[in-house]
Structure formats: C-alpha cells, structure tokens
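Trainee: following is a predicted model, sequence given first.
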Amino acid sequence: MIVRKGVMKWCRIGRTRRERGFRALAAAGNASLDVLAAVIDVPSGRPFWTLRPVAAAPVRFRAAIAGMLLMSGWLSVPGALLSDDWPEWRGAGRRGVWNETGIVDRFPSDGLDVTWRASLGSGYSGPSVSGGRVFAMDFRSGQGVGGSEGLVALDQSTGTRLWARRWRVDYAGIEYAGGPRATPTVDGDRVYALGASGSLVCARVLDGTVVWQRSFPREFRTALPPWGMASAPLVHGDMLIAVVYGRPRAKVMAFDKFSGEEVWRALSSEESGPGYSQPILVRHEGRLLLIVWHAGGLAAIEPGSGAVVWQQPFRTRMETPIATPTWQQPHLLVSAFFNGSRLYRLERSDPRLLWKGASDSGVDTDGLHALMNSPVIDGDHIYGICSYGQLRCLRLATGGRVWETQAVTGEKARNASAFMVRNGDRYFISNDRGELIIARLSPAGYTEISRTPLIRPTSPPGARRDLGAVNWSHPAYAGRSVFARNDEEIVCVSLAAD
C-alpha cells in the first residue's frame, strides 16, 4: 500500500525476522513539525531506526494514520511520537515545553471554543495525548474509602470514549483521597498508568487490553505514603522506571516494559519516604542520568543498570518533595514548600551546590518555596510559584529575589498554585482557579497578555480559598488545543489561531 503526496508510505522490506518490519512515514500536525518514521520489528515492537522529517497533514488525518498503524501493529516505536503529542507528564521529555505554532496570540473576548467535553470521575492526574488519543485516569467511589481507579482512552478529535479499564482500590490512609495523581505515560502501542494505591498497569493503546500489572504493596512491600503514590512511570529504552518505595532497596525500580519483569532496583526505602516528585532523564557531558528527588535527597542513577552515580542529602519537612526538578544544562534546581530551593551545578563527578534558601518555613519565605508547580529556568533567571501563590523571579546565580506578584493566582492563600508551560517566547499558565493565562516573564516583571476561564475547579482545597475549590491537574497541550480535567469531566479547547 502507498499513499502518495508525501503523507504516508510503507512497504515490506524483507522476509527474515529482523527484516519483518515496515517503513512508516506519517505526517505531523502542521508544516513546522517533524513526522514519524520508523522501521519496526513486528514480533517485538522494537525499532531499528526512527524519525526523519517529511510533509504535513491535518490533525484529524494524522490521527487516522496513527489509528491505522496501531490496528495493524506497526506503530510500536518506543519514544517515537508525532511532535505535537503530549505523551507524558509535562509533555515530551517532561520539560514543560510546547513547540507548536499557529497558536492564538490572545484569547477571544467571549471565551474559548470548547471542541468537546466528556464525563470523567475524580482525580488529580493530568491527561496525556498521543497518536490521536487522549488518556486519563479517574476514581469512582464505592463503600467507605474503597472504589475503583480507571484508565480511559478518548478520541482526540471528538472525545468519544474508545475504551476504559478499571481495577478495585482501597484508599485507606491516603489523604486528599480524590483519585490518581500520576499522569499516564504513553509509549508506542502501550500506555502505563500508576494509581494512588500503587497499582501499576500496562495496557494496549488500541483496545485497553491489560498486558501486565504489578501491585507495589503486595509484591514489593510498599507502605503507602500519606498522599499516595504520585510519580508517573518513565520509559527508557526497553525499560519502565518507577518510584516504588519497595523493600529491600527498591525505592526506585526498573521493569521490562514489555513483560513487567523486574530489571533492577536502587535506593533504600528504610531511611526516608518516596516523596511525590517526578523522575526525569538528563544528559550531561554525553552521559544519561536518571534524576530522582525523594524525601531523603537528590539522587542520580545510571538508568541502564540502576547503579547510583551520586546522592545529595536534602531532607524536606513532612517528606514533601513534590515539584519536578528543573534541568537547564548544567544547572539542576529543586524547590520545596517548607525548605525552599537548592541549585546544583552538575560536574564530572558529584554536583556542586551553588546556593540554597535560608528559610525552612512555608510562611516566612525568602527565595522560592514551590509546592506542586515546576519552576522554570529562562536565561539567567528562575520563575516559579511560591507557597502562597506568589509568582517570583530569582537570579539564577545567587537565588536572590528580583520581583514577585500575586496576579497569577489572584489570592494569597496556602497551596495556591499554577502550572507554567513555555510556548516560544511566552508562557501558558493554568492556575488552580481554573483560568488559563498567556504571559511573558522577564527580569523586568510579569506581563499578562490574556486570561480566560478554562475549567471549573471542583477539588477540595484543604485551606480557605475564595472559590471553595481548586483545580490541581496539569493540562496537556497538543494538536493546537489544551486538554484539561476536573473531578467531573475532561474538555478539549481549541487554541488554534485560525
């Protein structure tokens, strides 16, 4: 089969096992984006090569291509994705960067157009978008603190539910027991979901068939932390890496992503908890490192073997590392609600601590005390949301504060938060009041370009708030749209300029 005009082309290239693959050239969403290209071993789903630029096609046609490849078993390329997808927490590479063009400069005065909305149960987990599908997790309550968690797949263009898989859970002992926290991770023809009570599920993207499943408490003696399991699993090659908090020495584990079998384990769970931050992969001086910020400190792990490269102690009050570490070569930044920020410079051996905040209070703060939002490093400055909703700018070199504003969150309240995603020279910021903001950040100050309602807050805030509810779910940006959820629904809202 050949579809001409540069949109898609594939052909059988041989008869041997290694050659039983297909060459797929599929268009991405607009002319500025790259296109999926891969030779895939059909029995294993492992690629021989991936990615080269080709032509462009509309999102709806691109979704149809992805669906056709999935049904045929050809789109099973680890790490290969259409460049406007959002396949995991904070997008591709967990960087919080959205590269699409053709996006609105300002929001319409009468609000944004909702492309579709679909019902969903409760949860804090953000959606992910890949291959023309939207994936989300939710919780349906039952008796007492029991109920079921679910992984749901929706059509990206229409919001039509394609499939759902549910499993029984018990939220006994979990605070803010409103549902899953971790964003689903999509990798080729599989999607990985981690529930708040430690159920790790691998399902097929096509129909939701469960390929394998692991229970952290039952299999690895995980004692659930107060706010449940929150760290989204991370794909590296043929492995799926997860913060397990298991025993013995299984705070972090790697599994074969195809079978679920254990590959390696690292770090002790005896001295400190797992925290609630997200692991990331960084490349420094040609070496790939897995960075894990847990309740005992910051660790770098060789992702292929599980060998610990270095550790930096950093005990946080109430064991609350939550914000994702921020990486901007060669700087690594972590920021905690109570204990403030620390900036490291990665070197050939151990990292060097450049500075740390002087305050251990979530109220009397000095530099930046982030909660769940990830700060950004932009040039010589750091921007992030502090413990009571203040957007602050710090000097990268010293951690000294340049300015602050309450304009983003709208109220000075404990745990007030917002998520920042970079798009070109501006930021899309979703605050916990359910608003979406376009702004520019610079050492000179905060410049708000536009603001509009996005989704109704529905989650209990745990503290006094003006609206009586908050939205603490990180949205996804893909297909020139934003995908946001609350405890009742998920919406797709167009951000296209035309």
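Mentor: Happy to help now that I have it.
Trainee: residue contacts, the residue lying closest to R90 once chain neighbours are set aside?
Mentor: Distances taken as C-beta to C-beta, 6 or more residues apart in numbering put G96 closest to R90, at 4.4 Å, once the chain neighbours are dropped. To be clear about C-beta, it is placed using only N, CA and C from the backbone, and glycine gets the same treatment. G96 makes contact with 90, 374, 376, 419-422, according to C-beta atoms under 8 Å, 6 or more residues apart in numbering.
Trainee: of those, which belong to strands?
Mentor: 376, 419-422 (DSSP state E).
Trainee: can you flag the buried ones in the residues you listed?
Mentor: Using 16 or more other C-beta atoms under 10 Å as the burial test, the ones in strands among the contacts of G96 include 376, 419-422 as buried.
Trainee: now those in JSON lines, with distance to R464 and pLDDT?
Mentor: Listed next are those as JSON lines, based on distance: C-beta to C-beta, whole Å; pLDDT from 0 to 100:
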{"residue": "V376", "distance to R464": "29", "pLDDT": "98"}
{"residue": "F419", "distance to R464": "22", "pLDDT": "98"}
{"residue": "M420", "distance to R464": "25", "pLDDT": "98"}
{"residue": "V421", "distance to R464": "28", "pLDDT": "98"}
{"residue": "R422", "distance to R464": "32", "pLDDT": "98"}
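Trainee: tabulate the ones in strands among the contacts of G96 (JSON lines), appending distance to A254.
Mentor: As requested, the ones in strands among the contacts of G96 are arranged in JSON lines below (distance: C-beta to C-beta, whole Å):
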{"residue": "V376", "distance to A254": "29"}
{"residue": "F419", "distance to A254": "28"}
{"residue": "M420", "distance to A254": "30"}
{"residue": "V421", "distance to A254": "28"}
{"residue": "R422", "distance to A254": "30"}
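Trainee: can you confirm A164 is in a strand?
Mentor: Yes: remark: A164 belongs to a strand, assigned using DSSP: H, G, I helix; E, B strand; the rest coil.
Trainee: mind listing what's buried in stretch 425-442?
Mentor: For stretch 425-442, a neighbour-count test (16+ other C-beta under 10 Å) marks 426-439, 441 as buried.
Trainee: ok, which pair from the residues you listed is furthest apart?
Mentor: G434 and L441 (21.3 Å; C-beta to C-beta).
Trainee: show me where pLDDT drops low in the stretch 351-498 of the chain?
Mentor: Along the stretch 351-498 of the chain, no part satisfies pLDDT under 70.
Trainee: H294 and G379, how far apart?
Mentor: 30 Å (C-beta to C-beta, to the nearest Å).
Trainee: quick one: which of those two has more around it?
Mentor: H294 (27 against 10; other C-beta atoms under 10 Å).
Trainee: pLDDT at that one, what is it?
Mentor: With respect to pLDDT, H294 has a value of 98.
Trainee: one step back: wait, which of the buried residues of stretch 425-442 is closest to E404?
Mentor: L441 (12.0 Å).
Trainee: skipping its backbone neighbours, what lies nearest that closest one in space?
Mentor: Counting by C-beta to C-beta, 6+ apart, the residue nearest L441 is Y383, at 4.8 Å.
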